[in-house]
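Student: next input, structure requested:
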Amino acid sequence: MEEDLDDLFRDDDEDPESEFNQDREYSKEMVVFLVDASPPMFAALDDGGDQHEESHFHVALDCISQSLKTRIIGRSNDEVAICFFNTREKKNLQDLNGVFVFNVAEREHLDRPTARLIKEFDCIEESFMHSIGSVHGIMAGSRENSLYNALWVGQALLRKGSSKTTDKRMLIFTNEDDPFGSIKGAAKTDMIRTTLQRAKDAQELGISIELLPLSRPDEEFNLSILYADLLGLEGEDIAQYIPSVGEKLEDMKGQLRKRMFKKRKIRRITFSIVNGISIELNTYALIRPTVPGSITWLDSVTNLPLKAERSFICADTGALMQEPPKRFYPYKGKNIMFTTEELSKIKRVSTGHLHLLGFKPLSCLKDYHNLRPATFVYPSDEEIVGSTCIFIALYRSMLRLERRFALAFYGSSSQPHMVALVAQDEVTDSSGQLEPPGMHMIYLPYSDDIRHVEELHMDTNVATPRASDDQIGKATALMKRIDLKDFSVCQFANPALQRHYAVLQALALDEDEMPEVSDETLPDEQGMARPGVVNALEEFKISVYGENYDYEASTKAESDAAKKRKAAAETAAMECAYYDWAELCEGGKLNGLTVVELKYYLNAHNLPVTGKKEVLINRIMNHIRKV
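Tutor: Now for the predicted structure:
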């Protein structure tokens, strides 16, 4: 069996046997939406006299719908369930009163979101009262506790999956801060106690409970009555919870169509510092590119995903090979056989540990050294106890020294690298943390990764044009005028990606109209029309081009000049083909050509044509030697 020799020793970072991929985590999220369906949720909100008045129930359904559409794009492996409580009808595996689990055919109660689920869920509000119904679930004289039942059903739905690799959550939508308000005495105390115990049991199983309170008009949601104890909030956390929830609701309603990646751990590495002292670090990708999802091939008949399988057949006998194939390399007339494990060991030039080499001034680290996205590192005590303490000591020392970064060696199975570890202090504001404390691991380039920029003029006799101090000052003033304050790449979504998912959504949900997609990358015409920006732009234009500069005439002249240059280049290329330039260069016969003939070669290869004949000849000879 023949092997592709070029493919034999290829670099394969996706090798499943590689130790660098064994620590990668692919966790997912399981969410149960618990929506209060009691009559107060259907009361119309005061929205300024609009005929189509919304209710808190409508707001909750709209948030969930937007979340499902966003989740099916950005995190399609997550699993969700939708559960209504305080309902007339009941539908749940525990057969508990007042709880209705909404679902569609051919889908588990807790499963990945589908287009059919979204389509039918968007229509549920119209038929909710008729098919499901709304009741006051917790009333005086009744032992039914619909909130307790909803927590029980949500906990049962989240029983599958490991809490170590899966984030399990229950989200409660309600505008009732005191669901037991109509009950008095010992009965109320007992219901509160059992409800809080049910919530505590769920939290002990690794299930987090979140509340999205919907405040009534002119009435603030009081967390202290019940939900502060249910969520485990104390002191200042209670006052800060409501504002953060408002932002979360807006995020759920106004999510852009973009691939969203949670800042999950990429891999775990060992950091060797000195004299056998090693600590454990987790690496994270803070920013990832947004790209469309991978293609899934479906069967044309059943519409089910296809699974690709590969079999090896012996070229000599035609028999199906049962043993894993071996690779070989011809050496002195013999085929030297290698197993996959042997090749993996051959390619492994490093243990994969991070080794500290020393410290250098931060001025040695240039912007152009950052050739690929940096990795954020943070300590972990999972395997090596005390890693956090040692890392914090090193981190604080680097912050105290300020203008220093740590130089280290980090090698993968195929790409060993020198890396720079730059400490970053924590940045916070009134809304919370903006930048986390830790270190950025910047992958430094090899010497041949850096290319020197070619000079504008190769002829040293010609002066290189430079801007005057006045032009530099005008340019600086213009840049300050149009500078984006607090700019971040995360502020702008990819418009092509938004449109891609808008088309998919319209096709999957049979929507008649395409969802509106806003392109935030377009120039801000209103901002550019401000008097300060216009004046700065005009002053810069005058300093560079002069007061009597005519853009249209200049553009026309440049267009005519470009046409002439193109025609001259085509003529030069035709004339250049008649000469054997390599032979003329080796034989020293370039001196016998005229300047016009020499310029044929220079124009054909887009080289400068300025200078005396000797300069032109040297320029041609240098170019031929490089080629």
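Student: for Gly276, give me phi and psi.
Tutor: phi 80, psi 10 (degrees, to the nearest 10).
Student: quick one, phi psi at Phe409?
Tutor: Torsion angles at Phe409 (phi, psi; degrees, to the nearest 10) stand at phi -110, psi 130.
Student: please name the nearest non-neighbouring residue to it.
Tutor: Counting by CB to CB, 6 or more residues apart in numbering, Phe409 lies nearest to His355, which is 4.6 Å off, once chain neighbours are set aside. Every C-beta, even on glycine, is put in place using the N, C-alpha and C of the backbone.
Student: state the three-state secondary structure for that neighbour.
Tutor: Three-state call for His355 (DSSP: H, G, I helix; E, B strand; the rest coil): strand.
Student: what is it paired to in the beta sheet?
Tutor: Note on His355: beta-bridge partners by DSSP bridges are Ser272, Phe409.
Student: for Phe405, see how far away it is.
Tutor: From His355 over to Phe405 the distance is 15 Å, taken as CB to CB, to the nearest Å.
Student: so which of those two has more stuff around it?
Tutor: Neighbour count, other CB atoms under 10 Å: between His355 and Phe405, Phe405 has more, with 22 against 18.
Student: you'd agree the more buried one is up against Lys360?
Tutor: Yes. Taking contacts as CB atoms under 8 Å, Phe405 lies within contact range of Lys360: 6.2 Å.
Student: before we move on, the earlier item: make sure the residue nearest to Phe409 is actually in contact with Ser272.
Tutor: Yes. Shown here, His355 and Ser272 form a contact pair, counting by CB under 8 Å, at 4.8 Å.
Student: who's in contact with Gln94?
Tutor: Listed by CB atoms under 8 Å, 6 or more residues apart in numbering, the contact partners of Gln94 are 149, 152-153, 156.
Student: now tabulate those in a markdown table and tack on secondary structure and neighbour count.
Tutor: Below are those laid out as a markdown table (DSSP: H, G, I helix; E, B strand; the rest coil; neighbours: other CB atoms under 10 Å):
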| residue | secondary structure | neighbour count |
| --- | --- | --- |
| Asn149 | helix | 23 |
| Trp152 | helix | 19 |
| Val153 | helix | 27 |
| Ala156 | helix | 17 |
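Student: farthest-apart pair in these, please.
Tutor: Farthest apart among those by CB to CB are Asn149 and Ala156. That separation is 10.6 Å.
Student: what about Ile279, helix or strand, and which?
Tutor: Per DSSP states H and E, Ile279 falls inside strand 277-284.
Student: neighbouring contacts of that strand?
Tutor: Taking CB under 8 Å, 6+ apart as the rule, strand 277-284 contacts 263-273, 353-354, 375-384, 386-387, 390-391, 441.
Student: which of those count as buried?
Tutor: 266-273, 354, 375-380, 384, 387, 390-391, 441 (16 or more other CB atoms under 10 Å).
Student: sketch out the low-pLDDT regions of the stretch 151-300 of the chain for me.
Tutor: 216-218, 242-265 (pLDDT under 70).
Student: same question, the stretch 1-150 of the chain
Tutor: If you take pLDDT under 70 as the line, the stretch 1-150 of the chain has these spans: 1-27, 46-53, 140-141.
Student: now do the strands in it.
Tutor: With DSSP state E, counting those that start in this stretch as the criterion, the stretch 1-150 of the chain has strands at 28-36, 79-85, 99-102.
Student: any idea which of those strands is most buried?
Tutor: When the strands of the stretch 1-150 of the chain are scored by mean count of other CB atoms under 10 Å, the highest mean neighbour count falls to strand 79-85 (a mean of 25).
Student: give me the subset of the contacts of strand 277-284 lying in helices.
Tutor: 387, 390-391 (DSSP state H).
Student: number of residues surrounding Glu126?
Tutor: Residues lying near Glu126 (other CB under 10 Å) number 9.
Student: same question, Tyr227
Tutor: Tyr227: 23 neighbours (other CB under 10 Å).
Student: shouldn't it be in contact with Asp177?
Tutor: Yes. Counting by CB under 8 Å, Tyr227 touches Asp177, with 6.9 Å between them.
Student: what is in contact with those two at once?
Tutor: By the contact definition CB under 8 Å, 6+ apart, Tyr227 and Asp177 are jointly contacted by Pro213.
Student: for the helix or strand that contains Ala475, packing partners?
Tutor: Per DSSP H and E: Ala475 is located in helix 469-481. Helices and strands touching helix 469-481, by 3 or more CB pairs under 8 Å, 6 or more residues apart in numbering; DSSP states H and E, are helix 531-545.
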